[in-house]
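**Q** Could you look at this predicted model? Sequence included:
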Amino acid sequence: MKRISLTTWIFIAMVVGIAWGNLHSSSAQQLTPVSNIFLRLIKSVLAPLLFGTLVAGIAESGSVKTMGRIGGKAILYFEIVTTIALFLGLGAVNLVRPGDGLTIERTGEAAKAAPPPTISSILEHTFPQSVIDAMAKGEVLPLVVFCFIFGAACTAAGAKAKPVVDFCSSLAEVMFKYTAYIMYLAPFAVGAALAATVGKSGLDVLIPLGKLVLTLFGSLIVFVLGVLLPIMLLCKIPVRRFYEAVKQPWILAFSTATSEAALPVALQNMERFGVPKHIVGFVLPTGYSLNLDGSTLYLSLASVFVAQAAGIELSWTQQLLMMLTLMLTSKGVAGVPRASLVILSGTLVQFNLPVEGVLLILGVDAVMDMARTSVNVLGNCLAAAVVARWEGVKFPKSPVLDQEPATLISAP
C-alpha cells in the first residue's frame, strides 16, 4: 500500500476538523491545547535554525569578496526581485483584504502584548545586547544581525573558524530533522485548529481562508507574468527554451512542495539550457537561501492577513518595517519543511501580532506551499540565466535536451 504523504494527511485533517467543529461545536473548543503545543514547538525552531543556517551560509559562501563579480551580481538580482515580490504581496493583501471577517483572539501572555513597534524602537532593538536574550524572547532582527556579523567574522578567521562553521552546518542539519519531526504533528494541529475555529465561528470562517488562497495564487500569477516574464524578455532569454528547461523541476516542486527535490534536475537542465557550470553551480544553491520569490510574497501577504483577522490596522510605516524584517529573516531556511510558517511566527512575535494566526493559516498552508515553492524554483532558474546573460553568455537556439553547456563568450 502506497504511503500517504504528509500533505495528504493535512488535507484529511482539514476535512475532519471542519466536520467535527460543525457537528460538535462544544467539544471542539477543548482541542485548542493540541494546536497550541504544535505552535510552541514551531517557535522553538526559530533561533537555532536561523543561527545555524545563516552563519554557515555566510561563512561558506556569503562573502562578496569570495564570490567576486558573479556573487555581487547574483545578490543584486536577488534583492531587487524579492523586494518586488514583497511589495506585490503587500499591495494584494491591502487591496483584497482577505482577513476581514475573521476573529483571532490572543491567549495567555499574548493578550498583554505592547502596541506595534515604531521606527526608533525597531532601530534600537535591531542590534543585540545579548544574543541569548534575543533567542529566548524570539526577537528575530537582533538574531539576524548577530548571525551576519558572526558569519563574517568566521570568514575572516579562515581555517581557525572551521570547527565553528562545521558545528553551525551540523546544527542546521539537525534543526532540519527536528522541524521534520514537528511537522508530523501538523495534521493533528490543523484538525484541532480548524475544529475549534469552525466550532466557535461557524462555517463562514472558511470564506476568508478561501480568499487568502485565491489572493496568493492570483498574486503569484501576476508576479510570474508581470515580473519574471518581462525580465526574460529584457535580458533576451529565449522564453520557449527556458520553459522547456524549467518545466520538469517546476512540476516536481509543485507536486512535492519541496524545493530541494527539484534542485538536482534544475541544475542539470539549466546547464543544458546554456548556463555555464560555474554560474549555475553557484547561483542556484545560493538562490535557495536568498531568492525565495514565492515565499517572500506569501510572507508579506500572510503577515498582514493575520493583522486584518485580529482587527489590527497597521500603518504603512509599520507594514514597510515588517517587509524589511521579512526581507532579512526569509533568507537561509529554504531546506526546512513549511519554513515560511517558522519565519511568519517569528515576524508576528516581533510586531506583537497574534501568533494564533499561524494555526489558522496552517489549515490551508499545504495548498499555498505548493504554489510558492514552485515559484521559488522558477525564480531561481531565471536568476541563473539572468546572471549568465550579465556575464556575456549567449544562449543558442537548439533544443534544451540536445544542447551542451555554453561557454563564456565575453564578460563586461
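**A** Nice, thanks for sending it over.

**Q** drop to CA atoms for contacts and neighbour counts, all remaining ones
**A** Will do.

**Q** remind me, longest helix of the protein?
**A** In the chain, assigned by DSSP state H, the helix with the most residues is helix 356-390.

**Q** now that helix: how far from the chain's centre is it?
**A** In terms of CA atoms, centre = their mean, to the nearest Å, the centre of helix 356-390 is found 7 Å from the chain centre.

**Q** Gly99: what secondary structure?
**A** Per DSSP: H, G, I helix; E, B strand; the rest coil, the secondary structure class of Gly99 is coil.

**Q** got a list of what it touches?
**A** Taking CA atoms under 8 Å, 6 or more residues apart in numbering, we find Gly99 in contact with Pro208, Leu209, Leu212, Phe305, Val306, Ala307, Gln308, Ala309.

**Q** Put the buried members of those residues into a ChimeraX selection.
**A** Selection of buried members from the contacts of Gly99 for ChimeraX, criterion 16 or more other CA atoms under 10 Å:
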select :208,209,212,305,306,307,308,309
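
**Q** Quick one: mean pLDDT for the longest helix of the chain?
**A** Throughout helix 356-390, pLDDT has a mean value of 84.

**Q** What are the buried residues along it?
**A** Within helix 356-390, the residues scored as buried using 16+ other CA under 10 Å are 356-390.

**Q** just stretch 5-25 next, same as before
**A** Counting neighbours by 16+ other CA under 10 Å, one finds that the buried residues in stretch 5-25 are 7, 9-11, 13-22, 25.

**Q** can you give me how far the helix or strand Ile132 falls within is from the chain middle?
**A** Using DSSP states H and E, Ile132 maps to helix 131-137. Computed by CA atoms, centre = their mean, the chain-centroid distance of helix 131-137 equals 22 Å.

**Q** C-alpha coordinates for it, CSV please?
**A** This file holds the C-alpha atoms of helix 131-137, laid out as CSV (Å, rounded to 0.1, in the frame of the first residue of the first chain):
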residue,chain,number,x,y,z
VAL,A,131,22.1,37.1,21.6
ILE,A,132,21.0,34.7,24.3
ASP,A,133,18.3,37.1,25.4
ALA,A,134,17.2,37.7,21.8
MET,A,135,16.9,33.9,21.3
ALA,A,136,14.9,33.5,24.5
LYS,A,137,12.5,36.3,23.6
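
**Q** Now find how far off-centre whichever helix or strand comes after it is within its chain.
**A** Later in the chain than helix 131-137, the nearest helix or strand by DSSP H and E is helix 140-157. Centroid separation between helix 140-157 and its chain, computed with CA atoms, centre = their mean, is 20 Å.

**Q** can I have helix 140-157 written out in CSV, keeping just the CAs?
**A** Coordinates of each C-alpha in helix 140-157 appear next as CSV, following Å, rounded to 0.1, in the frame of the first residue of the first chain:
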residue,chain,number,x,y,z
VAL,A,140,14.3,37.9,15.1
LEU,A,141,16.1,41.1,13.9
PRO,A,142,18.7,41.2,16.6
LEU,A,143,19.4,37.5,16.0
VAL,A,144,19.8,38.0,12.2
VAL,A,145,22.2,40.9,12.7
PHE,A,146,24.3,38.9,15.1
CYS,A,147,24.4,36.0,12.7
PHE,A,148,25.5,38.2,9.8
ILE,A,149,28.4,39.7,11.9
PHE,A,150,29.3,36.4,13.4
GLY,A,151,29.4,34.7,9.9
ALA,A,152,31.6,37.5,8.5
ALA,A,153,33.9,37.1,11.5
CYS,A,154,34.2,33.3,10.7
THR,A,155,35.1,34.1,7.1
ALA,A,156,37.8,36.5,8.2
ALA,A,157,39.2,34.0,10.7
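
**Q** Would you check how far apart the closest residue to Ile361 other than its chain neighbours and Leu359 are?
**A** Distance criterion CA to CA, 6 or more residues apart in numbering; nearest residue to Ile361, sequence neighbours excluded, is Leu209 at 7.5 Å. Distance, Leu209 to Leu359, by CA to CA, to the nearest Å: 12 Å.
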